[in-house]
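Undergrad: dropping the sequence and predicted coords here.
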Amino acid sequence: MRLFKSWRASQLDRCLALSLVLVGSTAFAQSGDRVELGRLPTGAAVAFVRSATGQWGVAIDGAAAPAFRQPQPARIELYRSDDDMRTLAAGYTRVEPSIAGTVDARAEIPSDGGVVFRVWDRWTIDGAVATVHRIIEVNGNAPGGFGSSVELTVDPSVDWGDVSCLAPGALYGDPTYDGERSPGGTLNHAARRFLLREDMLPAPLFAVSFKGGASVAMLNPAPRGDSTVEETRLTQAVMIDARIQFGALGAWQTEGRPVEFGFRFPGSASLYVGPPGAQTPPRWIRRYHPIAAGTAHRYAVSFRFGQQESFRELTRDSWRWAWETLRPEVTPIDVEQMRRVLIDHLAAQAVTIDGRTGIPFVRSTVVNQQQWNWTMIAMGFVGKTIECADQLLREGDRDPSERGQKMRQTGLAIIQSLIEALPTVPLQGTGYDLATGKPWDHIWLAPWLRNATEDMRVLIRAYQRERAFGRSHPEWFNWVKTYADWLLGQQRADGSFPRRWKVGSNEVAEPTGTTSYCPVPLLVLMSDETGDPRYQQAALRAAEFVWTSWGVRGLYIGGASDNPNITDKEAGMLSLEAFLSLYESTHDAKWLERARAAADFAETWMWIWNLPMPLDANDADLRWKKGVPTIGLQGITALHSGSADEYLDWSAPAYAKLYTLTQDQHYLDVARLLLHATKSMVALPGRQYDLKGIGWQQEGFRLGPGGGGRGTSGHRFWLPWISANHLYSITGLEEHDPELFQLLAGKPSPSATGATR
């Protein structure tokens, strides 16, 4: 117990607090060969069982769910060279119950050269969660490195095909749409192995769902994530470094063995490199600690055992458990300062050429140099030209001064210029060249279903708001109605819409119906505006298609236009909007439940833990700066796990609506986080970072390993969606409920900054 007492006295390790927080009490059941830690709500007992050799293993059994066992819980992987890697495993030699719901277990594993690894595990149980806090003390020194793991083996009757896995931002049961070579993709599934480093995940969480509704979710309850520049670049296949402080979670099945799952520390994992279709085998990235006295090797892993959960429910319940455990802290911003900085910056980007006005598609955040495509004016998705105009109009309504009225005139000019450039339906594209006034023939501005319907929805709402002020814009309405009427004719018998058409044509260029959620809010608005039921009927059919095809399974596909048919957060975000719009129109409770399901999926892409930048990084070389919380960033697609942006802050109003409709406090916590924590890298007075001016922010960042390493990025460009989404998280909230907006915009109270109570 000496080592645990020293750990407790130091108060330096966050795992301490978690190991001592016990809710309720658990009585021990003990016999000569069995010590019971406690019972789970599933009915299963978590116990330590002594084998014929006298060593103790772990058994979780006695329920309808599969049993889990590990006769040798102390597991060490030794690395000397690529040709000399060994796994050493042992049972516990001592199992000592202490206070209720706590067992201290010990093991010793001898190795070459007189080295001994002393394993100290403290197991606790709290409701449905069993947690092990591990410390390994290295006695002696030797060349090479070591790692350890906590692993459980599933009952042999369960095969790989009987399980579905969850890794937030990377895998949601079905790997078909995650990309061939991605961490949650089809090659790893075919290899019967998902093993993901926690530094690429929005939460260090991995879950396994079994047929019949049983589940196990694993979480690192006190993640650190420390690493170095070289390590995060993945340039070295093997590294031995005590500074590496992250793990890897997953499930796997090797030939002739049952399904296994667990946590490995440090985080060794395999990845596939090369383009799709390449015949290259997976590359193992192995990380170890030195075999040296004094090495700090300690971590915790919690197991949450569920029952009678669909995969959708597992996603929701395990994510909320992670949220409540990690308690993401919201750093409050000055919302009114942020609003003014963002809108002033957006207005300053507007450009007029030959009487045409627009917001350029791309601008550098660090140099005054134009990109080749800066005169692209794009609808929806990442261009959001009408949504940018709408934000300028909103500010004009707020500010009657010359400043506000100039913004209003700019917004009107942007809308008029776009309608004049793309007057005909079928559309010649979803954007045009500001320099020529002609449609821009590029794949990014092709007639995507998403791009056009997003901005047209915004335009109808702006039309309604303007009308309320006595301002008439019949040309806006007629343009949108022409498009919506054409869209009705493009809907297929199953309710779906094509994802993309050929320029100026009814000919389909991309037939998949994955983005059929996109037109739903527009069609609902058109039905409300015109009284024509055809629009709502089309919306209902499209939304049913989305739900029955994907939503019912707990995943959403194809939101990012430049990543065809990939699992991504924007698909969940847009499905939330679709289902919510139908509930508001029909008051049918099923659409509210489906909106909640989409919202539960979308929020799992948000970082709810702080991932530190590399310890040895030069801050000038980082795009995400040291000390800036990563909470609030979101993964983008499952194809590129670990890449992040802040697109989801656009959904802050939707989560606030869900709170209003359901009184579920958690959705209010999400809305607060999206309002405040997503703007950490906007350049403000006194916090300009290395950007060229106030109000700038680049589009994305790399948090996971690979590329240039953690904290870097693929480019340093600003795109209009950044300002449009940041602003809508403010103006949309205010529009939904001014009083609730004021509550969220204020400094959060201590009880509101962490988990839902």
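TA: Yep, it's here.

Undergrad: please count neighbours and contacts with C-alpha atoms only from this point.
TA: OK.

Undergrad: mind pulling up the pLDDT for the residue most central in space within the chain?
TA: Nearest residue to the geometric centre of the chain (Cα atoms, centre = their mean): residue 605, 1.2 Å. Looking at residue 605, its pLDDT is 98.

Undergrad: need phi/psi at it.
TA: Dihedral angles of residue 605 (phi, psi; degrees, to the nearest 10) stand at phi -90, psi 0.

Undergrad: pLDDT below threshold where in the protein?
TA: Scanning the chain for pLDDT under 70 picks out 1-31, 747-757.

Undergrad: the same query, at a cut-off of 80, please.
TA: 1-32, 64, 273-277, 747-757 (pLDDT under 80).

Undergrad: for residue 411, which non-adjacent residue is closest in space?
TA: residue 389 (4.1 Å; Cα to Cα, 6 or more residues apart in numbering).

Undergrad: go on, residue 569?
TA: residue 602 (5.2 Å).

Undergrad: how many neighbours does the one you found have?
TA: Per other Cα atoms under 10 Å, the neighbour tally for residue 602 reads 26.

Undergrad: would you confirm that it contacts residue 575?
TA: No. Counting by Cα atoms under 8 Å, residue 575 is not a contact partner of residue 602; they are 9.2 Å apart.

Undergrad: residue 231 is in contact with residue 615, correct?
TA: No. With contact defined as Cα under 8 Å, residue 615 does not count as touching residue 231 (10.6 Å).

Undergrad: the two: which is more packed in?
TA: Using other Cα under 10 Å, the more surrounded residue of residue 615 and residue 231 is residue 231, with 22 against 13.

Undergrad: pull the residues that contact the strand or helix carrying that one.
TA: Assigned by DSSP states H and E, residue 231 belongs to helix 229-233. With contacts defined as Cα atoms under 8 Å, 6 or more residues apart in numbering, helix 229-233 is touched by 236, 239, 614-617, 704-710.

Undergrad: and residue 727, what element?
TA: Assigned by DSSP H and E, residue 727 belongs to helix 720-736.

Undergrad: buried set for that helix?
TA: 720-734 (16 or more other Cα atoms under 10 Å).

Undergrad: circling back: buried members of the contacts of helix 229-233 into PyMOL, please.
TA: Of these, the buried ones go into a single PyMOL selection, burial set by 16+ other Cα under 10 Å:
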select buried, resi 239+614+617+704+705+706+708+709+710
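
Undergrad: closest one of the contacts of helix 229-233 to residue 129?
TA: Closest approach to residue 129 among these (Cα to Cα): residue 704, at 27.7 Å.

Undergrad: which residues sit in contact with that closest one?
TA: 199-201, 232, 641-643, 710.

Undergrad: beyond the helix holding residue 727, next helix or strand please.
TA: Past helix 720-736, the next helix or strand by DSSP H and E is helix 738-745.

Undergrad: that next one vs helix 720-736, what angle?
TA: Computed by axes from the mean of the first three to the mean of the last three Cα atoms, to 10 degrees, the angle separating helix 738-745 from helix 720-736 equals 130 degrees.

Undergrad: numbering from 42 from now on, please.
TA: Taking 42 as the first residue, the last one we looked at is helix 779-786.

Undergrad: name the SS class of residue 485, please.
TA: The three-state label given to residue 485 by DSSP: H, G, I helix; E, B strand; the rest coil is helix.
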